[in-house]
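A.B. asks: This is a predicted model, with the sequence first.
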Protein chains: 4
Amino acid sequence: MIIVIRKGAEQSQIDNLLTLLRSRNIEPNVSKGAHQTVIGCVGDVAHLDPSLIEALDVVESVQRIQEPYKAANRRFHPDSTIIEAGEAKLGGGHFAVIAGPCSVESEEQIIQVAQAVKAAGATMLRGGAFKPRTSPYSFQGLGGEGLRMLSAAKRETGLPIVTELMDFKDIELFNDVDVIQIGARNMQNFNLLKEVGSYTKKPVLLKRGMSSTLQELLMSAEYIISSGNPNVILCERGIRTFETSTRNTLDLSVVPVLHRLTHLPIIVDPSHATGYAYLVEPVAVAATAIGADGLIIEVHNDPAHAKCDGVQSQTPQMFAETMQRINAVRSALN
Amino acid sequence: MIIVIRKGAEQSQIDNLLTLLRSRNIEPNVSKGAHQTVIGCVGDVAHLDPSLIEALDVVESVQRIQEPYKAANRRFHPDSTIIEAGEAKLGGGHFAVIAGPCSVESEEQIIQVAQAVKAAGATMLRGGAFKPRTSPYSFQGLGGEGLRMLSAAKRETGLPIVTELMDFKDIELFNDVDVIQIGARNMQNFNLLKEVGSYTKKPVLLKRGMSSTLQELLMSAEYIISSGNPNVILCERGIRTFETSTRNTLDLSVVPVLHRLTHLPIIVDPSHATGYAYLVEPVAVAATAIGADGLIIEVHNDPAHAKCDGVQSQTPQMFAETMQRINAVRSALN
Amino acid sequence: MIIVIRKGAEQSQIDNLLTLLRSRNIEPNVSKGAHQTVIGCVGDVAHLDPSLIEALDVVESVQRIQEPYKAANRRFHPDSTIIEAGEAKLGGGHFAVIAGPCSVESEEQIIQVAQAVKAAGATMLRGGAFKPRTSPYSFQGLGGEGLRMLSAAKRETGLPIVTELMDFKDIELFNDVDVIQIGARNMQNFNLLKEVGSYTKKPVLLKRGMSSTLQELLMSAEYIISSGNPNVILCERGIRTFETSTRNTLDLSVVPVLHRLTHLPIIVDPSHATGYAYLVEPVAVAATAIGADGLIIEVHNDPAHAKCDGVQSQTPQMFAETMQRINAVRSALN
Amino acid sequence: MIIVIRKGAEQSQIDNLLTLLRSRNIEPNVSKGAHQTVIGCVGDVAHLDPSLIEALDVVESVQRIQEPYKAANRRFHPDSTIIEAGEAKLGGGHFAVIAGPCSVESEEQIIQVAQAVKAAGATMLRGGAFKPRTSPYSFQGLGGEGLRMLSAAKRETGLPIVTELMDFKDIELFNDVDVIQIGARNMQNFNLLKEVGSYTKKPVLLKRGMSSTLQELLMSAEYIISSGNPNVILCERGIRTFETSTRNTLDLSVVPVLHRLTHLPIIVDPSHATGYAYLVEPVAVAATAIGADGLIIEVHNDPAHAKCDGVQSQTPQMFAETMQRINAVRSALN
């Protein structure tokens, strides 16, 4: 932490600040120049809120040097986390493809899609039962009934299931769920993060918020880990920018950045990132090439009549072709 | 709703689409050009999800003409909504100033601040008991104990209280609260919106999400209203952009835009929008000048030692001066 | 400048860096912690490019403490710059309103608008002769002929004229122009900035680029000043964000931020910021209230038939009413 | 083009609008509903400025259906453009890698880098002679002398050269240059686009502006093409967003979007997009996988002492390894 002292500060004020820092076990180091005085703090400052220091009269600004996350930080945990769900593994060299419809619509539908994506090489099944929709007038998902249908598809195919939890009061319906998804809109629903983190050690798939920095994403992971659950999968699904030719703007270069910052695995969602089925394959292939630990892809048996996100859903056949190109890239790069 | 037909579509496909639209009570109107065919739909399309149409093979793109919100729409409800809380009124010409600390820290503190802001002209008291913090290691608020202290300050001063609800399971602690705040990070926590909307008719202060469009803000208001509670106050508190010289980028021109789109009142939060105490007064004055129905301002008795947001908190004295300038502008413009 | 040393760096590498810094007259101050070593540099570092230091193997990151601009910096030039053009003054307490059409269309039109805006209280006349248009098929302005018409309007009304220079090769046509505008798209056309700065001491109105930070804006001003022309007016005209309900997002709180960072005057352009005539008045009033040194407003005698920007142009009557409200706010706040 | 009529418009006003449209050879098609009237225009509207229509009193809003670019539009020119420069080809299945230092520093340096990148498989040489720098105090490039050194490297290696033109007055120095680069900050320097487009048919490498939409990028290409030069290469180099962990945010999914919208080739610049050398390889590989027609990569013989952009420059050895992985991905996907 670097503290810049306000011009014209008195020595007694600076001394008070130094005393305060030392009382928090931080060793301050003062650099005094003609125009500026700065204090370098090199102890363990992760638990010191920089805004508390910045509020002091004598301080002009504070700049953090160390990352504020510890449990998610590769600096302190160099080995990559490997997530297991059923027979699938993800992270640390293991690659997983999660596929399935935006929302579960019927038992027949979800079993049919599950069989198709499994045949094509998917290792987990996704499907929404509780759907966060911008409009109260849009289809909100089948809820508990949808979860029951997902279980049927799991029994039928053996694929572990991934589905979104929007409200902790529904957690008991999630017993048969293998990976709990926290959606982009809930990435900073801190109560939900804490509740899920302390209730279960099941893998949690944490989607990056639409306008969240990497640091905020990692702080949200830190909420889950520090509540007791270290099994967090990060997911890049596009951020919001001025560009409207895609649904969101996929921020793909965060994959290698995150691999450097954290030991947690990172997957990519080409469906929500782009919003158009024709873009899913090229983006999925690029995400594989850049080193993502997995993908989550929307596949629907009949996109033209899907109850949501039909525009961005691949057909099972498109998905099978995409899997071939993904595998070709993986072979070429390993 | 305007539907652009894909080049090369067959007449039979177009006919099927027309039949589908008519079955939903929508009267389609076909415009056929050399290069392009478009279909104008002018019936009541608010309940038709455009993405369902866009997923059809024959469709190239869909553009909405009408706003997707009805209950919040000034087109259908021309009279401005007036919110009442205790003796304070907000909207439709009534101006309210909500002031108080980022977080309640002690009974003595909150009473002291409440008395100071009341004396300066504030009409409601704010104070956080449940605090959404980016880091799990930061102060998370005093919870129920904080609410009890707010009640004490309300008894002492008569000011109605405004405080944030993060989790619906805490709702019973909010009996004495006058205005329930939904924070920016929960603007699209749709379950929370529905639960609050159906539980109470108390005013709800809904803050705009960091990367939410006005339409999304109004759709979130629509969730609350359509669940049974029409008393929604909108709040602009800055959006996230590339500019880092302020904490967020205040999008002040949305005030007159929202006044045109909706009958709900709009207030501005200069403290979170800017992040610096020296910017609160000029921004508060500008927000008043542009026609906001009120302000919500962080005031702390001792900002340098506040448990959160000290950098952006005004002292009671600064607040009193700001109130004078706000009143001067209001007099000049009325 | 704060230099964070890479973990595992050898002492000899650090020593080399210290020698390098001292050779540039910078006094380094080393803070060594268990996990991190940082070096504070407190001499005059404005001419040292931080990216040169950051490229060194031994360095993890570099953070600037001091602003990289000197000539535009209020820290070194505390007195506000006052710009003069004809009888108009702008900055340091002087307020100027620049008004006129997006583009000059005929001599009759520009004289008529000039007379109307002068009568309403404008102190300078704007009008485009060279127009930067997104499409090569749109009206590109009347060029030199337009400048001649502006001169006629100046002779008729005495109002100093403000118009945009897009290409330095046209500079000789600008002899009668009082304030040379550099448009948002040319804010980082560094050659143009240097050429204008060294050719003339006439005031230069520098518009902030659509995605430029305040620091970049001030560095562009620094180009003009360091080339010889200290008479720079900064202009906020909206930045590009995800929000589409206005043409751009007006970043109004930069006005007091810039007043703190620089001695140069700052004006606001409500027409381009919002894109809609009905928003110009409320935004102009708010910009006045927040402390802008002036405004630049598009006024057209017949907006419905304007050759460009008709949607955002006020009529002379709307402008006259806006001037009254601007004056009311100025009186109230002074 | 879809025109939405303002509520309460009189029939005579609508009739006037219809007459106006027909006079421009546009066939209007009126859809009249209970709440809304819309007019579909399906003729050739590329030359009709929508803002002119939107300014009319009777009009509420205008939405474009057809893209406003014609010469760059794949709809009208289905065959991919193939660019030739020396022996290199780019586009329509031809892949080119442009490599070299941020700026030319000496003849020895540029020849050495040219030989190294050629040996590794680069097909063109880049090197800056005129440098657009944010600060007037930073190194501005060697200018004409730098161009002379690039020519020497071209003679030595046979590699065609790519370098940036900032000011048209320098064009005569560019006789030996094979590809003229227009930088991101000049993407909407419309005069420069027109001057270059009419002066030469040499390939022009047009970089996307930091906050430019794809449509604006294509309109800038349209400026060049409509001035006489059809040989335009588009370049994605990252856009500006709120995320600061990379220098810019690479918007990689625009590659397949652009391939659909335009016949012009698209290359990617991983160096400027990310700002860090360790990110160049993964991003370059991903760009190849997603279907880019080429790459432009900064390579420096001694990044730690580069005069600019050392942090993001690869060494020749890193570049050689990157080329191997690029080739592996290309083989796997073809």
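C.D. replies: Okay, I see it. Numbers count the residues shown, from 1 in each chain, chains lettered A, B, ... in the order given.

A.B. asks: And the helices in the stretch 51-200 of chain A?
C.D. replies: Assigned by DSSP state H, counting those that start in this stretch, the stretch 51-200 of chain A shows helices spanning A:107-120, A:144-157, A:190-199.

A.B. asks: Distance from the chain centre to the shortest one, please.
C.D. replies: Going by C-alpha atoms, centre = their mean, to the nearest Å, the spacing between the C-alpha centre of helix A:190-199 and its chain's C-alpha centre is 15 Å.

A.B. asks: What angle do helix B:190-199 and that helix make with each other?
C.D. replies: Following axes from the mean of the first three to the mean of the last three C-alpha atoms, to 10 degrees, one obtains 110 degrees for the angle between helix A:190-199 and helix B:190-199.

A.B. asks: quick one: is helix A:190-199 near chain B?
C.D. replies: Yes: with C-beta under 8 Å from any C-beta of the partner chain as the criterion, chain B is reached by helix A:190-199 at A:190, A:191, A:194. (Glycine included, C-beta is placed from N, CA and C.)

A.B. asks: What of stretch A:73-83?
C.D. replies: No: Stretch A:73-83 is not in contact with chain B by C-beta under 8 Å from any C-beta; minimum separation 13.0 Å.

A.B. asks: okay, the residues of helix A:190-199 next to chain B in CSV with neighbour count and pLDDT next?
C.D. replies: Shown next, in CSV, are the residues of helix A:190-199 next to chain B (neighbours: other C-beta atoms under 10 Å in any protein chain shown; pLDDT from 0 to 100):
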residue, neighbour count, pLDDT
A:190, 24, 97
A:191, 21, 97
A:194, 19, 97
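
A.B. asks: right, and the helices of the stretch 51-200 of chain A - which one's nearest chain D?
C.D. replies: Judged by C-beta to the nearest C-beta, the one of those that comes nearest to chain D is helix A:107-120, at 18.0 Å.

A.B. asks: For the closest one, give the mean pLDDT please.
C.D. replies: Here helix A:107-120 scores 98 as its mean pLDDT.

A.B. asks: could you say which helix or strand contains residue A:324?
C.D. replies: helix A:316-333 (DSSP states H and E).

A.B. asks: tell me what that helix is packed against?
C.D. replies: Under the contact definition 3 or more C-beta pairs under 8 Å, 6 or more residues apart in numbering or on different chains; DSSP states H and E, helix A:316-333 sits against strand A:96-100, helix A:107-120, helix A:277-290, strand A:294-298, helix D:316-333.

A.B. asks: could the ones you listed be laid out in TSV, adding mean neighbour count?
C.D. replies: Compiled in TSV, the helices and strands packed on helix A:316-333 are given as follows (neighbours: other C-beta atoms under 10 Å in any protein chain shown):
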stretch	mean neighbour count
strand A:96-100	27
helix A:107-120	20
helix A:277-290	26
strand A:294-298	27
helix D:316-333	18
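
A.B. asks: For residue B:40, which of those is the nearest?
C.D. replies: Comparison of the helices and strands packed on helix A:316-333 against residue B:40 by C-beta to C-beta identifies helix A:277-290 as nearest, at 26.1 Å.

A.B. asks: Would you mind confirming that residue A:294 is in contact with residue A:97?
C.D. replies: Yes: contact criterion C-beta atoms under 8 Å: residue A:294 and residue A:97 qualify, at 6.2 Å.

A.B. asks: Give me the neighbour count for the residue lying closest to residue A:140 once chain neighbours are set aside.
C.D. replies: Of all residues not flanking residue A:140 in the chain, residue A:131 sits nearest, at 5.5 Å (C-beta to C-beta, 6 or more residues apart in numbering or on different chains). Residue A:131 has 22 neighbouring residues, counting by other C-beta atoms under 10 Å in any protein chain shown.

A.B. asks: Can you give me every residue that contacts the spatially closest residue to residue A:305 that is not a sequence neighbour?
C.D. replies: Nearest residue to residue A:305 in three dimensions, chain neighbours excluded: residue B:55, at 7.6 Å (C-beta to C-beta, 6+ apart). Residue B:55 is in contact with A:303, A:304, A:305, A:306, A:310, A:311, A:313, counting by C-beta atoms under 8 Å, 6 or more residues apart in numbering or on different chains.

A.B. asks: same deal with residue A:238?
C.D. replies: Counting by C-beta under 8 Å, 6+ apart, residue A:238 makes contact with A:210, A:246, A:247, A:248, A:249, A:250, A:251, A:269, A:272, A:273, A:274.

A.B. asks: can you do 6 Å?
C.D. replies: If a contact means C-beta atoms under 6 Å, 6 or more residues apart in numbering or on different chains, then residue A:238 has A:248, A:249, A:250, A:273 as its contacts.

A.B. asks: now residue A:81
C.D. replies: The contact partners of residue A:81, by C-beta under 6 Å, 6+ apart, come to A:91, A:263, A:264.

A.B. asks: One more: residue A:303?
C.D. replies: Neighbouring residues of residue A:303 by C-beta under 6 Å, 6+ apart: A:310, A:313, B:55.

A.B. asks: distance of the second one from chain D?
C.D. replies: Applying C-beta to the nearest C-beta, to the nearest Å, the value for residue A:313 to chain D is 17 Å.

A.B. asks: okay, now residue A:102: neighbour count?
C.D. replies: Counted by other C-beta under 10 Å, the residues lying close to residue A:102 total 24.

A.B. asks: Around the spatially closest residue to it that is not a sequence neighbour, how many other residues sit close by?
C.D. replies: Nearest non-adjacent residue to residue A:102, counting by C-beta to C-beta, 6+ apart: residue A:309, 3.8 Å away. By other C-beta under 10 Å, 23 other residues sit near residue A:309.

A.B. asks: Tell me how far residue A:309 lies from residue B:223.
C.D. replies: Relative to residue B:223, residue A:309 is positioned 20 Å away (C-beta to C-beta, to the nearest Å).

A.B. asks: what do you get for residue A:83?
C.D. replies: Counting by C-beta to C-beta, the separation of residue A:83 from residue B:223 is 34 Å.

A.B. asks: quick one: which of those two has more around it?
C.D. replies: Taking other C-beta under 10 Å, residue A:83 and residue B:223 do not tie; residue B:223 has more neighbours (29 against 25).

A.B. asks: The more buried one: helix or strand, and which one exactly?
C.D. replies: Element membership for residue B:223, per DSSP H and E: helix B:214-226.

A.B. asks: report the angle between the axes of that helix and helix B:190-199?
C.D. replies: Going by the same axes, to 10 degrees, helix B:214-226 makes 40 degrees with helix B:190-199.

A.B. asks: What residue in the stretch 101-250 of chain A comes nearest to chain B?
C.D. replies: Closest point on the stretch 101-250 of chain A to chain B, by C-beta to the nearest C-beta, is residue A:211, at 3.3 Å.

A.B. asks: The closest residue to that residue other than its chain neighbours: which element?
C.D. replies: Leaving aside its chain neighbours, residue A:211 sits nearest to residue B:211 (3.3 Å; criterion: C-beta to C-beta, 6+ apart). Using DSSP H and E, residue B:211 falls within no helix or strand.

A.B. asks: For residue B:211, the count of nearby residues, please.
C.D. replies: 22.

A.B. asks: Now it, what are its backbone angles?
C.D. replies: Main-chain torsions, residue B:211, degrees, to the nearest 10: phi -130, psi 30.

A.B. asks: List the contacts of it.
C.D. replies: If you count contacts by C-beta under 6 Å, 6+ apart, residue B:211 has them with A:210, A:211, A:240, B:240.

A.B. asks: just the residues you listed now: which is nearest residue C:136?
C.D. replies: Residue C:136 lies nearest to residue A:240 out of the contacts of residue B:211, by C-beta to C-beta, at 30.6 Å.

A.B. asks: what's the neighbour count on that closest one?
C.D. replies: Residue A:240 has 24 neighbouring residues, counting by other C-beta under 10 Å.
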